[in-house]
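Enquirer: for reference, the sequence and a predicted model appear below.
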Amino acid sequence: MHASQSSLPPVKRHRRWVKSTHWIITLSFMVLAFTGYVILMSHPRLYWGEVGNDLTPALFELPISRNYQHGGWEKSTAFYNVAGSPVSASRTYDIFNQNGWGRSLHFLSAWFLIVTGLVYLLAGFFTRHFKSALLPAPGEFTRLEFWRDMVSHVRMQIPAAGKGPQYGLLQKCTYLAVIFILLPLMVLTGLAMSPAITASYPFLLTMFGGGQSARTIHFFASVSLILFLVVHVVMIIRSGFKQQISAMTFGK
């Protein structure tokens, strides 16, 4: 019995730093998604370019609060009876704007995600985690193999969880896209919406074509990550929920 056990290949397990950063980033993102929704409720309009407000045309509106397709503004009136006087107008609707707590919590959660994400990236490079676990092996990435793996997932032909983090080709490509494209894009566009940050680093606004463009890209990056999270959870359930959660928490 001892001889047969010693002949078995070693079981690859998730490292502790992978588990801890995984859950901190996951919880931070869930708080960001919730508070981001609350923030978006106060102004459910997305624009492109430098500026955007209730008086400028939007790319589209989101029907998520009573601020959606509002009644507009009353007739503008001048402050002073002189040429060039500033003007003002009152809203014709009761605005939803209870999002101060959401902005504060959103900002706090974002820094948890950024700091933990940097730790994950540094550890991933120094321990060669990305190369050993996520980077496709030479000759592994082919269009045919990628298509087969995608079709299997669409048909819900999900293999049972193996012993350790042994990912398929579609998993590897998806994780790499999330880690090195979607998450950095969400962070950079989030920083580009901060006046304090862009005052010191104005290239962020130039990079994304303006603060409103950054906000729109931020929205789509967030939606893509939420879709990834939903599919990720479905795959966990289909491949063995108890074993997968155990492997990513305190189990062996």
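Expert: Ah, there it is.

Enquirer: where does pLDDT dip in this structure?
Expert: Applying pLDDT under 70 to the chain picks out residues 1-12, 70-73, 89-95, 159-165, 251-252.

Enquirer: at 90 what do you get?
Expert: 1-18, 42-43, 51-58, 63-100, 129, 131-134, 136-171, 234-252 (pLDDT under 90).

Enquirer: just the helices in it please.
Expert: 2-7, 16-42, 100-126, 129, 143-154, 169-177, 183-192, 195-200, 203-208, 211-247 (DSSP state H).

Enquirer: nearest to Leu59, of these?
Expert: helix 211-247 (6.5 Å; Cβ to Cβ). Every residue, glycine included, has its C-beta placed from N, CA and C.

Enquirer: tell me, how many neighbours does Lys19 end up with?
Expert: By the other Cβ atoms under 10 Å criterion, the neighbourhood of Lys19 contains 15 residues.

Enquirer: that one and Met248 touch, don't they?
Expert: Yes - shown here, Lys19 and Met248 form a contact pair, counting by Cβ atoms under 8 Å, at 5.7 Å.

Enquirer: give the contact list for the spatially closest residue to Thr189 that is not a sequence neighbour.
Expert: Excluding its sequence neighbours, the residue lying closest to Thr189 (Cβ to Cβ, 6 or more residues apart in numbering) is His218, at 3.8 Å. Listed by Cβ atoms under 8 Å, 6 or more residues apart in numbering, the contact set of His218 reads 186, 189-190, 193.

Enquirer: closest one to Phe107 out of those, please.
Expert: Taking those together and measuring to Phe107 by Cβ to Cβ, the closest member is Gly190, at 9.0 Å.

Enquirer: pretty sure that closest one sits against Ala110.
Expert: Yes - with contacts counted by Cβ under 8 Å, Gly190 reaches Ala110, the gap being 6.0 Å.
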